Each structure stands twice: as C-alpha cells, then as structure tokens.
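Visitor: task: produce atomic coordinates for the following.
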Amino acid sequence: MQPLTLYVNNMECNDASGKGIAAALLEEFAHRGVLAEKRMSMGSDGALIMTGKHNGVAAIIQHENPHMVNVHCVAHRLALCTSQAAAKIPYMQKHQQILTYLFYYFKGSSKREMRLKHIQDILDDPCLTIKEIHSVRGLSYFNALTTVFRTLDSVLTYLAELHSTGKDPIASGLKKKVKLDLCVADLMKVKAMKSPHCKLLQEHLQPSKFKGQHDITSINFNLKNLTATFIDALIDNILTRFP
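Guide: Next comes the predicted model:
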C-alpha cells in the first residue's frame, strides 16, 4: 500500500474561530460519510485556534475520537525555530529589518512599484517584486534576500533617484540603510549562509560578480563563524521548543 495525499475540498468558513472551523470540518466529514474512528490524525500550523487545549479545532474533533493524533506541521515548526534562531544573530536581524522596510515601502504605493519596474527594464534587471518575510514560511527569508540581490542595482538606483529630489525622506532613510558598506556585503554573507549551497554562493556572491552601476566594497567573508552561530542557535531553539 502506498500513501497518497488527496485534496477533498476547499471550504470557506464564515466563522474563523476554533469552534467554527471544527463545525465546518465535522459537517464535511458527515457529508462524505467519514466515520470518527477513521480520522487518524490532524495536521496544522500550530496556531492556538487549531491546537488550543479546550476550544482548538483538534480538541473539539478529538471529542468524537480521543485516539486521533494532533500533529504540529514539521515545516512550520522548522520555520519558527529558524526565524527565532536568526533573530539571535545581529546580521540576520538587521537584514530582516531592512528587507521588511523595503517591502512595505514599495507595497505602499503602486506608483513606486511601477517606477521600480521601469528602472528594472532600463537596467536589464529581472522584473521582480520585493518580497515579504513570513515567520511561518521556511524559505521566505531566503527568497526575499535573493530577490533583493537579483534586482539590487535597480533598488539602489530608485532610492538614489528619490533621495536626490529631497522630496521623499523615507527613500533617503532607506538609502542610508541599504548603503553598500552596511548592507550589500552583509547581504551576501547572510544569503550564502541561508542557502543550502553555501560554498557555491560564497564563490558566486563576490564583488566581481555584481554587474550593477553601484560599486561594491570588498567583503570580509566569515561564513564559517556565522554558520556555526546560526546552527548552534537553531539546535538550542529546537530542543527548547520541541523537546
């Protein structure tokens, strides 16, 4: 017998509480004739609504089958542990803040997004949208870093353009935060450390590989120490949160 993953239905819940979601699920089970003893396990993102001891979805469904196993999604657990481990490292904490600032700056104005895309076209950069970092999505941090690096020349050009007008103090502030001697070198370090292909990225993400119009200063790569610090924090977090 080979296990399969099948999507039965995509339901819309008008009541997003634990009781409301549980009621919708139980109604769907009844409609499809799924007996309580056949519900062997339930997986979720670990939110209180899903896993609460009394009014969580799993607890309510377990009233009909106490033997049903409640599983906190492994991917979500790993994402939580990695994000919290990264928060203990100044390099990562700094870049998460910078990337978050950039995301909300461009997200807040369609005019800014359109201008950035126009600059990307002119500079022959990939037409990418700045991505948001999600604490429960395992690769969101790495994807956000990758996006900024791939279109870094356009981002710096846009911020410099707005800074020169003196009419956008937020752009001027971001320009300082994303300045090369503060952000770019560290961006490369963190990107290499977060990638599953650290050695390849370490070789690739060097100043000579960056073809933009903005100069990049030399990089003091200390990948080994950064990686060791992150791994130690990650292991400690996993053992503490999920013994």
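Visitor: what ranges do the helices span in this structure?
Guide: Here the chain has its helices, by DSSP state H, at 18-32, 48-51, 57-62, 74-86, 90-107, 110-122, 140-150, 152-165, 169-177, 185-194, 198-204, 223-241.
Visitor: which of these sits most buried?
Guide: Comparing these by mean neighbour count (mean count of other C-beta atoms under 10 Å), helix 185-194 comes out on top with a mean of 22. C-beta: built from backbone N, CA, C; applies to glycine.
Visitor: can I get the helices of the chain in JSON lines with distance to Arg39 and mean pLDDT?
Guide: Below are the helices of the chain laid out as JSON lines (distance: least, C-beta to C-beta, whole Å; pLDDT from 0 to 100):
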{"stretch": "helix 18-32", "distance to Arg39": "7", "mean pLDDT": "92"}
{"stretch": "helix 48-51", "distance to Arg39": "15", "mean pLDDT": "90"}
{"stretch": "helix 57-62", "distance to Arg39": "7", "mean pLDDT": "93"}
{"stretch": "helix 74-86", "distance to Arg39": "20", "mean pLDDT": "76"}
{"stretch": "helix 90-107", "distance to Arg39": "39", "mean pLDDT": "83"}
{"stretch": "helix 110-122", "distance to Arg39": "45", "mean pLDDT": "92"}
{"stretch": "helix 140-150", "distance to Arg39": "31", "mean pLDDT": "79"}
{"stretch": "helix 152-165", "distance to Arg39": "49", "mean pLDDT": "88"}
{"stretch": "helix 169-177", "distance to Arg39": "50", "mean pLDDT": "85"}
{"stretch": "helix 185-194", "distance to Arg39": "38", "mean pLDDT": "52"}
{"stretch": "helix 198-204", "distance to Arg39": "42", "mean pLDDT": "46"}
{"stretch": "helix 223-241", "distance to Arg39": "27", "mean pLDDT": "76"}
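Visitor: ok, Gly43 - contacts?
Guide: Residues in contact with Gly43 (C-beta atoms under 8 Å, 6 or more residues apart in numbering) are 71-73.
Visitor: nearest residue to the middle of this structure?
Guide: Closest to where the C-alpha atoms of the chain average out (C-alpha atoms, centre = their mean) is Ser140, at 2.4 Å.
Visitor: excluding chain neighbours, what is closest to that one?
Guide: The shortest distance from Ser140 to any residue other than its chain neighbours is 4.3 Å, reached at His134 (C-beta to C-beta, 6 or more residues apart in numbering).
Visitor: quick one: that neighbour from Ser83, how far?
Guide: Look at His134 and Ser83: by C-beta to C-beta, to the nearest Å, they are 9 Å apart.
Visitor: what of Gly18?
Guide: Counting by C-beta to C-beta, the gap from Gly18 to Ser83 is 25 Å.
Visitor: before we move on, what about Phe142?
Guide: Taking C-beta to C-beta as the measure, Phe142 and Ser83 are separated by 11 Å.
Visitor: for Lys62, give me its contacts.
Guide: If you look again at residue 62, you'll see it is Gln, not Lys. If you count contacts by C-beta under 8 Å, 6+ apart, then Gln62 has 68, 70 around it.
Visitor: now with 7 Å?
Guide: Met68 (C-beta atoms under 7 Å, 6 or more residues apart in numbering).
Visitor: Leu99 contacts Val148, correct?
Guide: Yes: counting by C-beta atoms under 7 Å, Leu99 sits close enough to Val148 to count as a contact (6.5 Å).
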